[in-house]
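Q: Sequence plus predicted model, see below.
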Amino acid sequence: MVPSKFAYHKPTTIKDAIALLTAHGDDSKILSGGHSLVPVLKLRLNDPEHLIDVSGIESMGGIRDNEKSITIGANCTHSEIANNAALKEHAPMIALAASMIGDIQVRNFGTIGGSIAHADPAADWPAVLLAADANVIITSVDGNRTVDVDQFFKGLFMTAVGEEEIITAVSIPKTAFNKNSTYVKFPQPASRFALVGCAAAVANSDGYVTEARVAFSGVSATPFRDGNVEKSLKGNVLNEGSIATATASVADGVSVMSDHFAAENYRKHMAGVYARKALSALS
Ligand SMILES: Cc1cc2nc3c(=O)[nH]c(=O)nc-3n(C[C@H](O)[C@H](O)[C@H](O)COP(=O)(O)OP(=O)(O)OC[C@H]3O[C@@H](n4cnc5c(N)ncnc54)[C@H](O)[C@@H]3O)c2cc1C
């Protein structure tokens, strides 16, 4: 299939990109790595008249290792993130999740900004960013605003980003729980998207859990943290017993997806299996 006709713009600054977005409103779409948008255009599920390619905006690229956080530019590809030394050291689940996305071509083109803007329920980033307590930096004519990732994913392909806004960066705090973190996934065998993806980040003091963050992709239309698992782990030693107790009813009360790849009960069961895998790797 061939997309409908569109005008192509390639701004080199965020300001110019926002001016184009504001001028063309509903008739425009941001283009980043194109790995989700181009198939959508080819299937004519969307037919914007203007494509605003942000891949040439330098200030939206690069990974900065700051004193208390690591800032990932929205244009960073999954490959860049997978290979970043600061992320490997301070938030290993971030680099690990990036290395598990799709195949090498997808990782070399797809970006973190494009992925979270698209908000595919089976994407890997939502689980890890929720577990990491990340912030998303969103820019518009009014300047930057910072959105706590807990408030970012609103539903199936829905986020907190407004029509005339651009995601410009993601910030990962340097915390004890992020330093001790991991990501595991049960991949769809062809695309590698997550049928279940579980990110776990656990801080300990004297062997006892002081903070646990456990989040899932692929299980529900909206990615989520499982508060019951997190609460159950807090104050305990992370071992086989406490993990089994905490993960006995993963995703309870959550509307679990069902499709031809994985039925609801199976997916829920696998969410428990993958939560145990992730937490066991940290014990
Ligand atoms: C074969 C294949 C396998 C894949 N496997 C996986 C996988 O295993 N796990 C996984 O998580 N993903 C997977 N993906 C998706 C991949 O990670 C995409 O790269 C990602 O979903 C979209 O990123 P992109 O940079 O290509 O964005 P684009 O396709 O360019 O854009 C996607 C959407 O985001 C909007 N957008 C882009 N950038 C911004 C921005 N900065 N601010 C606001 N809006 C923006 C666009 O307008 C569009 O609506 C796969 C994709 C393919 C084709």
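A: Noted; the coordinates are in hand. Numbers count the residues shown, from 1 in each chain.

Q: What residues does this protein have near the ligand?
A: 29-37, 54, 74, 101-102, 106, 109-111, 113-115, 117-118, 120, 123-125, 161, 166-167, 191-193 (C-beta under 6 Å from any ligand atom). Backbone N, C-alpha and C define where each C-beta goes, glycine included.

Q: In helices, which of these appear?
A: Judged by DSSP state H, these include 37, 106, 109, 113, 114, 115, 117, 118, 125 as members of helices.

Q: Among these, which one has the most neighbours?
A: Neighbour counts for these (other C-beta atoms under 10 Å) peak at residue 125, which has 31 neighbours.

Q: For it, give me the pLDDT.
A: With respect to pLDDT, residue 125 scores 98.

Q: what does residue 195 give?
A: Residue 195 is given a pLDDT of 97.

Q: what sits against residue 33?
A: Counting by C-beta atoms under 8 Å, 6 or more residues apart in numbering, residue 33 touches 55, 77, 109, 110, 111, 114.

Q: Could you identify the most distant pair in those residues?
A: Largest separation among the contacts of residue 33 by C-beta to C-beta: 55 and 110, giving 11.4 Å.

Q: Show the contacting residues for residue 25.
A: Listed by C-beta under 8 Å, 6+ apart, the contact partners of residue 25 are 163, 164.

Q: Need the per-residue pLDDT for it.
A: Residue 25 is assigned a predicted lDDT (pLDDT) of 89.

Q: hang on, it is in a helix, isn't it?
A: Yes - judged by DSSP: H, G, I helix; E, B strand; the rest coil, residue 25 forms part of a helix.

Q: Pull up the gap between it and residue 19, please.
A: The gap separating residue 25 from residue 19 is 12 Å, by C-beta to C-beta, to the nearest Å.

Q: likewise residue 42?
A: Residue 42 is 28 Å from residue 19, where distance means C-beta to C-beta.

Q: Over to residue 31?
A: Computed as C-beta to C-beta, the residue 31 to residue 19 distance reads 16 Å.

Q: Can you pick out the residue with more neighbours from the two?
A: Legend: neighbour count by other C-beta under 10 Å for residue 31 and residue 19, higher for residue 31 (21 against 15).

Q: quick one: the helices in this protein?
A: Along the chain, counting by DSSP H, helices occupy 14-24, 37-42, 78-82, 85-90, 92-99, 104-109, 112-118, 125-132, 176-179, 227-233, 240-246, 264-282.
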